[in-house]
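Trainee: sequence and predicted structure below; questions after.
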Amino acid sequence: MRKIAILGATGSIGKSTVDLIERNRERFKVTAVTAATNVEALAEIVRRTGASLAVVADESRYADLAELLVGANCRAAAGSEALVEAAVGEADLVIAAIVGCAGLRPVMAAIEAGKIVALANKEALVTAGRLMTDAAAAKGATLLPVDSEHNAIFQCLAGNCVDHVSKIILTASGGPFRTASAETISAATPAQAVAHPNWTMGAKISVDSATLMNKGLELLEAHYLFGLPSGRIDILIHPQSVIHSMVEFVDGSVLAQLGSPDMRIPIAYALAWPERIETPAQRLDLAAIARLEFELPDQGRFPALRLAREALEAGGAAPVVLNAANEVAVAAFLDGDIRFPDITHLVEEALGGAKFDAPSSIGDVLEIDRVTRERARAMMKASCP
Ligand code: NDP
């Protein structure tokens, strides 16, 4: 029986995790679940999973959560310290599926407690990748990538030596605007941007997929997870999202992981690792798919890729600035305050003016994140008062 904590249980990844756990009750026991504000959904997940600790990040929702949990044999808690408690408690494996930098402290706490950490929260690796991988090595924690591309690479690397890798090829669907003209992209609405052609995901990551910033963040994520430099991580558009990523070895062999675009496959891989469990994901029917296509990304229409590569190569605080400015810009776009191309304009402006020392702790990362968010909001105000 593996004990599981689900950080971000009410989100898209969290719900898929709960679905898999309900189908495999004999293998998994949920110990803790968390949410930001959605106490109703959290209480429902407690009822379905039997979790004994439920944490809401927003302390003002504590009383509502406690009331909803009366008679549920589950302790309610609130606030950032309680999120850390959920991460370091009795769980063997922590599903890290909080969106954004809010996940940093609990993820680092789980790593420092030597847990198996199934990491969906890509912003944690993007902003504090070196700190997290160093801590995992020091504390004997295991990092299992849940992001489908990194999970694919992890699967391709199994049984192989990283020294024999010549490059990683991250595949990208190209998002909803892959074939759109620059003019159409300029006028994109939030509803169009979140309408991903292949995957159903949370709003923030869906917008990131539309700008291709998601692939940029994944470039950074791959760099920290697998230790390869920027020049040995390629990005390839593959509209069908059947090949989730590939690894090319020094002998010219290329291994790929394929599957239908259903996050329950990589989540199941992480949950059961090093074993495998059945999932309800649709089986691949390659004869029906018939064609797998590939093309190089267009950096002109999608400048986010260039910005992410520049941030990776600059190192230090640049990935933190990239991520923070992007989070602010995506939220403003979803609120209708800025246009779609302004997302990457804002990120580029924030990167240009950033002057920070390289972070040496999670506290440093969070401070750079905080200052960058303030700068980004001020920049937005100045350009659209
Ligand atoms: P969602 O927006 O669907 O869910 C986010 C979860 O985090 C919710 O449980 C939410 O709670 C919680 N949360 C949000 N803000 C905070 C906060 N400040 N403090 C504590 N908890 C918070 O996101 P996704 O599930 O789509 O994505 C989660 C992570 O996984 C992201 O980093 C994303 O990039 C990554 N990922 C997602 C994929 C997908 O297919 N969805 C694929 C690969 C990676 P509440 O419900 O109360 O708001």
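Mentor: Everything's here; your move. Numbering: from 1, shown residues only.
Trainee: those residues of the stretch 1-150 of the chain touching the ligand, which are they?
Mentor: Applying CB under 6 Å from any ligand atom, we find that the stretch 1-150 of the chain lies next to the ligand at 8-14, 35-38, 57, 97-99, 102, 120-123, 147. (Glycine included, C-beta is placed from N, CA and C.)
Trainee: among the residues you listed, which ones are in strands?
Mentor: residue 35 (DSSP state E).
Trainee: ok, the residue in the chain positioned nearest to the ligand to residue 41 distance?
Mentor: Nearest residue of the chain to the ligand, counting by CB to the nearest ligand atom: residue 11, 1.9 Å away. Distance of residue 11 to residue 41, computed by CB to CB, to the nearest Å: 9 Å.
Trainee: what about the two, which has more around it?
Mentor: residue 11 (24 against 16; other CB atoms under 10 Å).
Trainee: would you list the phi and psi of residue 76?
Mentor: When read as degrees, to the nearest 10, the backbone of residue 76 gives phi -100, psi 140.
Trainee: all further residue positions should be reported with the first residue as 21.
Mentor: Okay, residue one is now 21; in that scheme the one you just asked about reads as residue 96.
Trainee: enumerate every residue touching it.
Mentor: 74, 75, 76, 82, 85, 86, 89 (CB atoms under 8 Å, 6 or more residues apart in numbering).
Trainee: so for the helix ranked longest in the chain, what gets flagged as buried?
Mentor: Assignment by DSSP state H gives helix 382-403 as the longest helix of the chain. For helix 382-403, burial by neighbour count (16 or more other CB atoms under 10 Å) applies to 382, 384-386, 388-389, 391-393, 395-397, 399-400.
Trainee: narrow the contacts of residue 96 to those in strands?
Mentor: Per DSSP E, the contacts of residue 96 map to strands at 74, 75, 76.
Trainee: can you say which of the residues you listed are buried?
Mentor: So, by 16+ other CB under 10 Å, the buried ones in the ones in strands among the contacts of residue 96 are 74, 75, 76.
Trainee: list the contacts for the first one?
Mentor: Yep, that's residue 74 we're talking about. Residues near residue 74 by CB under 8 Å, 6+ apart: 52-54, 62-63, 65-66, 85, 89, 94-97.
Trainee: just the buried residues of those.
Mentor: The buried subset of those (16+ other CB under 10 Å) comprises 52, 53, 54, 62, 63, 65, 66, 85, 89, 94, 96, 97.
Trainee: the fourth one contacts residue 30, correct?
Mentor: Yes: with contact defined as CB atoms under 8 Å, residue 62 counts as touching residue 30 (5.6 Å).
Trainee: what do these two both touch?
Mentor: residue 55.
Trainee: for the helix or strand hosting residue 103, buried residues please.
Mentor: In this structure, residue 103 sits in helix 100-108 according to DSSP states H and E. Buried residues in helix 100-108, defined by neighbour count with 16+ other CB under 10 Å: 102, 103, 104, 105, 106, 107, 108.
Trainee: so can I have a markdown table of these showing distance to residue 337?
Mentor: Output for those, formatted as a markdown table (distance: CB to CB, whole Å):
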| residue | distance to residue 337 |
| --- | --- |
| 102 | 29 |
| 103 | 24 |
| 104 | 24 |
| 105 | 29 |
| 106 | 29 |
| 107 | 25 |
| 108 | 27 |
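Trainee: still on that earlier bit, now the buried ones among the ones in strands among the contacts of residue 96 as a markdown table including distance to residue 211 and pLDDT?
Mentor: Below are these laid out as a markdown table (distance: CB to CB, whole Å; pLDDT from 0 to 100):
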| residue | distance to residue 211 | pLDDT |
| --- | --- | --- |
| 74 | 32 | 98 |
| 75 | 32 | 98 |
| 76 | 29 | 98 |
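Trainee: so stretch 220-239, near the ligand or not?
Mentor: Yes: interface with the ligand: stretch 220-239 contributes 221, 222, 225 (CB under 6 Å from any ligand atom).
Trainee: just to check, the last one is in contact with residue 233?
Mentor: This means residue 225. No: Residue 225 is not in contact with residue 233 according to CB under 8 Å; the separation is 9.5 Å.
Trainee: for residue 209, give me phi and psi.
Mentor: phi -90, psi 160.
Trainee: what's the neighbour count on it?
Mentor: 12.
Trainee: ok, residue 333 next?
Mentor: Residue 333: 12 neighbours (other CB under 10 Å).
Trainee: same check, this time on residue 153
Mentor: Count around residue 153 with other CB under 10 Å applied: 18.
Trainee: where's the residue of the chain most remote from its centre, which helix or strand?
Mentor: Ranked by distance from the centre of the chain (CA atoms, centre = their mean), the top residue is residue 91, with 34.2 Å. Under the criterion DSSP H and E, no helix or strand holds residue 91.
Trainee: what does the pLDDT read for it?
Mentor: What the model reports for residue 91 is a pLDDT of 94.
Trainee: where does residue 70 fall, phi/psi-wise?
Mentor: phi 80, psi 20.
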